[in-house]
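A.B. asks: Provided below are the primary sequence and the corresponding predicted coordinates.
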Amino acid sequence: MSFPWAREYQPTNGLMKFLDEKLPLPRLVYGAIGAGYPVPRNLSYMWNFGVLAGFCLVLQIVTGVVLAMHYAPNALVAFGTTEHIMRDVNWGWLMRYAHANGASFFFIVVYLHIFRGFFYSSYKAPREMIWLLGVVIFLLMMATAFMGYVLPWGQMSFWGAKVITGLFSAIPVVGEPIQVWLLGGFAPDDAALNRFFSLHFLLPFVIAGVVILHIWALHIPGSSNPTGVEIKDESDTVPFHPYYTAKDGFGLGVFLIAYCVMVFFLPNYLGHPDNYIEANPLATPAHIVPEWYFWPFYAILRSFTVDFFFVPAKLMGVLAMFSAILMWFFLPWLDRSPVRSGHYRPLFRKFFWFGLIPTMAVLFYCGGAPAIEPYVMLSQLATAYYFLHFLVVLPLVSSFEKPEPLPFSITESVLGSDKPALSGE
Amino acid sequence: MIRLFGISIGLVFAVAVLWAFANGVVSVAPVVSQYGSFTEPTAETVFHRHPKELHLQSDGPLGTWDYAQLQRGYQVYKEVCSACHSMKFLAFRDLEQLGYSPAQVKAEAATWQVPGVNPDTGEADMRPGTPIDSFPSPYPNKIAAAAANNNAVPPDLSLITKARHGGASYVYSLLTGFQPQPAALLKEFPDAKTPPGLHYNPYFANLNLAMAPPLTAEGQVAYGPGNPKPTINQMATDVAAFLTWTAEPKLQKRHQTGWPVLGFLLLATILAYLAKQQIWAAIKPKKTAATGSSDA
């Protein structure tokens, strides 16, 4: 930890002293998420979502491992084993609904985490590496979620897999061979189902590894905070435990209530009825839509309906869809404003609330709607703004914007004056 | 440098998608001026109807099974639907959940013929069902099913209420929605006449359904004493309720598990909130405790 006042771990009994000498795991936990990690004292509830995302990852791994014990990745029986889990496995219905809705809540939490980062410019120096690793996690999550949705082998599983792997066929010359190589055939079948299952089991552990790097990188500069003013001294911080463990505990309770309402009372609300129809390569569903968390990017993909000079429309859409996320990697260097928090950036704030947020809402809505007018035209306008926002507005706005005055310190923003730290808190 | 690069990429994407938008405007404008809507109206878009309202005891977060109704629904499935529709994810043993005793389930299973193997010759054969058997398909395979039904394979009904928008309401609406094709439809869309062999039903996505009306007369299924009169409406409601159960036999257990879980979470969350308040009280601004401790 980089803060000199961070408390040091003191083993209190013989066993802990023994452990601390041989394998200082308690020391690591103490410094990472215990009293040894000083955190800004002014974090809002928007800072709860990192911990919640970590919780979701564990939840998905636990329920997923249990589901894997009863599932078979074979095109003949995959749909049937999913129903076997729902009907005959003890508490199987709970495991499956917890896993399916767990994926949705993982994405809800991560989207809030990412948009918190957008508003407070959490990607800016010295936190670039945390941000880059976060985008990697998000990409891995999307791959994992996509492959997981294929496993029940319903109609949307099959046709979703066909459409998404079909995107690679837009690449000139090598596209078709790449698609065949990815699927292990000309259409999704046993080969694809088996490799998707294998990778769907593997990737969450890769995510867990990158999450460790993400948290490690976080501990170098420490957490950001709603003012965007860096920590000046000890009075700006409180130890993570008990202050933020308590706050995260309450946040986790609220999260679990919302999650359990969905799992127990609306378990299929976020799903699509067609995925309760067994995969049928001969019957195309009326509207092929991915899961809700992909809708904004699906809308961008479908916005490019006309060839652009020599670039075919399909390729343009694929490039745009991948760029829509990959460009997040460059945010730390695109947004050059020295001020981090949107609270002190009047112009940026307007573009965020009246530009980016409505744009995401339109893309989200249109991505779930059928590809007909007026949805296509709406998503085209939103797509244009989406790219302009990140690649043109953000770089330019810092040149024209006059930031509002920042508080002297975190303590001043909380107490109104920067008095010395309170003793014995 | 990165910013210049970014701005140019951003402009390329924006121009490309706005060019597509302009093309869209040009092609949509005549449609809008002619029909006043973004798409040309078709018989499906104008005459397709959303499912009727249907209220079942299993609805909502407090929903439970009405076992008498599920038993009646099973009777409708057995005597009407099962002539064409399989229900492969249900086993006879599952019927015990509807309130039948093990002996009754054994007897019921034996009234069905399931595919088996002749123990003397090893030839494929039919034998009476046992509780562990799944409900048999009325056809030996998909080709036979298609051949017997004007090329439309009757869908398996195990999951039908989860596999259609509207769920049980959709099933109920479809069963009670057969009617002659409206004259207004033919006047507006002369080409949309229901083809021979199909049946007009406004609750079906493309309006013309291969299935003939299955429930045609009151009393078609003879309910036992103490049950409501088997009107077409009643039979359709009962079978929709039954198919809600077949789609998710664990629905009632799910509801009954959910409430204690939520109650526990609510209590735990309140405690977590109070714990958080107490821990933060010492350093929170505008709290008497904070000024008090700062003097100490």
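C.D. replies: On my side now, so go ahead.
A.B. asks: How about the contacts made by the residue of the stretch 101-250 of chain B found nearest chain A?
C.D. replies: Closest contact between the stretch 101-250 of chain B and chain A, by C-beta to the nearest C-beta, is at B:A163 (3.8 Å). Yep, even glycine has a C-beta here, placed from its N, CA and C like the rest. Contact partners of B:A163, counting by C-beta atoms under 8 Å, 6 or more residues apart in numbering or on different chains, are A:273-274, A:276-277, B:155, B:247.
A.B. asks: Pull the contacting residues for residue 14.
C.D. replies: Looking at chain A here, since you left the chain open. Counting by C-beta under 8 Å, 6+ apart, A:G14 has no contacts.
A.B. asks: Chain B, not that one
C.D. replies: Counting by C-beta under 8 Å, 6+ apart, B:A14 makes contact with A:384-385, A:387-388, A:392.
A.B. asks: Confirm it sits in a strand?
C.D. replies: No - according to DSSP: H, G, I helix; E, B strand; the rest coil, B:A14 belongs to no strand; its state is helix.
A.B. asks: Could I get the phi/psi values of B:E53?
C.D. replies: phi -70, psi 140 (degrees, to the nearest 10).
A.B. asks: and it, how far is that from chain A?
C.D. replies: 18 Å (C-beta to the nearest C-beta, to the nearest Å).
A.B. asks: Please verify my assumption that that residue contacts B:S169.
C.D. replies: Yes - between B:E53 and B:S169 there is a contact under C-beta atoms under 8 Å: 6.6 Å.
A.B. asks: still on that earlier bit, mind checking the SS state of the residue of the stretch 101-250 of chain B closest to chain A?
C.D. replies: Under three-state DSSP, B:A163 comes out as coil.
A.B. asks: returning to what we had before: using a markdown table, lay out the contacts of B:A163 together with pLDDT, secondary structure and distance to A:F309.
C.D. replies: Conversion of the contacts of B:A163 to a markdown table gives the following (pLDDT from 0 to 100; DSSP: H, G, I helix; E, B strand; the rest coil; distance: C-beta to C-beta, whole Å):
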| residue | pLDDT | secondary structure | distance to A:F309 |
| --- | --- | --- | --- |
| A:P273 | 95 | helix | 41 |
| A:D274 | 95 | helix | 37 |
| A:Y276 | 96 | helix | 44 |
| A:I277 | 96 | coil | 41 |
| B:P155 | 95 | coil | 47 |
| B:A247 | 96 | helix | 51 |
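A.B. asks: Contact partners for the residue nearest in space to the middle of chain A?
C.D. replies: Per C-alpha atoms, centre = their mean, the C-alpha nearest to the average position across chain A is that of A:V110, at 3.4 Å. Contact analysis of A:V110 by C-beta under 8 Å, 6+ apart lists A:49, A:53, A:56, A:137-138, A:141.
A.B. asks: In strands, which of the residues you listed fall?
C.D. replies: If you go by DSSP state E, the contacts of A:V110 have nothing in strands.
A.B. asks: roughly how far apart are the spatially closest residue to B:P102 that is not a sequence neighbour and B:L90?
C.D. replies: Leaving aside its sequence neighbours, B:P102 sits nearest to B:E96 (C-beta to C-beta, 6 or more residues apart in numbering or on different chains; 6.4 Å). B:E96 sits 12 Å away from B:L90, going by C-beta to C-beta, to the nearest Å.
A.B. asks: Show me which of the two is the more surrounded one.
C.D. replies: B:L90 (22 against 14; other C-beta atoms under 10 Å in any protein chain shown).
A.B. asks: picking up where we left off before, most neighbours of all the contacts of B:A14, which one?
C.D. replies: Most neighbours among the contacts of B:A14, by other C-beta under 10 Å: A:F387, with 26 neighbours.
A.B. asks: All the helices of the stretch 151-300 of chain A, residue numbers only.
C.D. replies: A:155-166, A:175-183, A:190-219, A:245-265, A:295-303 (DSSP state H, counting those that start in this stretch).
A.B. asks: which intervals of chain B have sub-threshold pLDDT?
C.D. replies: Counting by pLDDT under 70, the ranges of chain B that qualify are B:285-296.
A.B. asks: Just the element for B:I132, please.
C.D. replies: For B:I132, there is no host helix or strand (DSSP states H and E).
A.B. asks: Hmm, it is touching B:R93, no?
C.D. replies: Yes - counting by C-beta under 8 Å, B:R93 is a contact partner of B:I132 at 6.0 Å.
A.B. asks: Out of the helices of the stretch 151-300 of chain A, which one sits most buried?
C.D. replies: helix A:295-303 (a mean of 25; mean count of other C-beta atoms under 10 Å in any protein chain shown).
A.B. asks: how big is the angle separating the helix or strand following that one from helix A:175-183?
C.D. replies: Downstream of helix A:295-303, the next assigned helix or strand under DSSP H and E is helix A:313-326. If you take axes from the mean of the first three to the mean of the last three C-alpha atoms, to 10 degrees, helix A:313-326 sits at 50 degrees to helix A:175-183.
A.B. asks: Who are the packing partners of helix A:313-326?
C.D. replies: The contact analysis (3 or more C-beta pairs under 8 Å, 6 or more residues apart in numbering or on different chains; DSSP states H and E) places helix A:313-326 against helix A:128-150, helix A:295-303, helix A:375-388, helix B:2-35.
A.B. asks: and the gap between the residue nearest to B:P102 and chain A?
C.D. replies: Note on B:E96: its distance to chain A, by C-beta to the nearest C-beta, is 13 Å.
A.B. asks: Which secondary structure state is assigned to that residue?
C.D. replies: Applying three-state DSSP: B:E96 is helix.
A.B. asks: Residue numbers of the stretch 151-300 of chain A in contact with chain B?
C.D. replies: A:238, A:242-243, A:246-247, A:249-250, A:252-254, A:256-257, A:260-261, A:263-265, A:267-268, A:273-274, A:276-278, A:286 (C-beta under 8 Å from any C-beta of the partner chain).
A.B. asks: where do the strands sit along the stretch 1-150 of chain B?
C.D. replies: B:113-117, B:124-128 (DSSP state E, counting those that start in this stretch).
A.B. asks: got the ones you listed as JSON lines, with mean neighbour count and distance to A:M316 columns?
C.D. replies: As requested, the strands of the stretch 1-150 of chain B are exported to JSON lines (neighbours: other C-beta atoms under 10 Å in any protein chain shown; distance: least, C-beta to C-beta, whole Å):
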{"stretch": "strand B:113-117", "mean neighbour count": "13", "distance to A:M316": "53"}
{"stretch": "strand B:124-128", "mean neighbour count": "12", "distance to A:M316": "56"}
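A.B. asks: Can you add distance to chain A and give the ones you listed back as TSV?
C.D. replies: Below are the strands of the stretch 1-150 of chain B laid out as TSV (distance: least, C-beta to the nearest C-beta, whole Å):
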stretch	distance to chain A
strand B:113-117	17
strand B:124-128	20
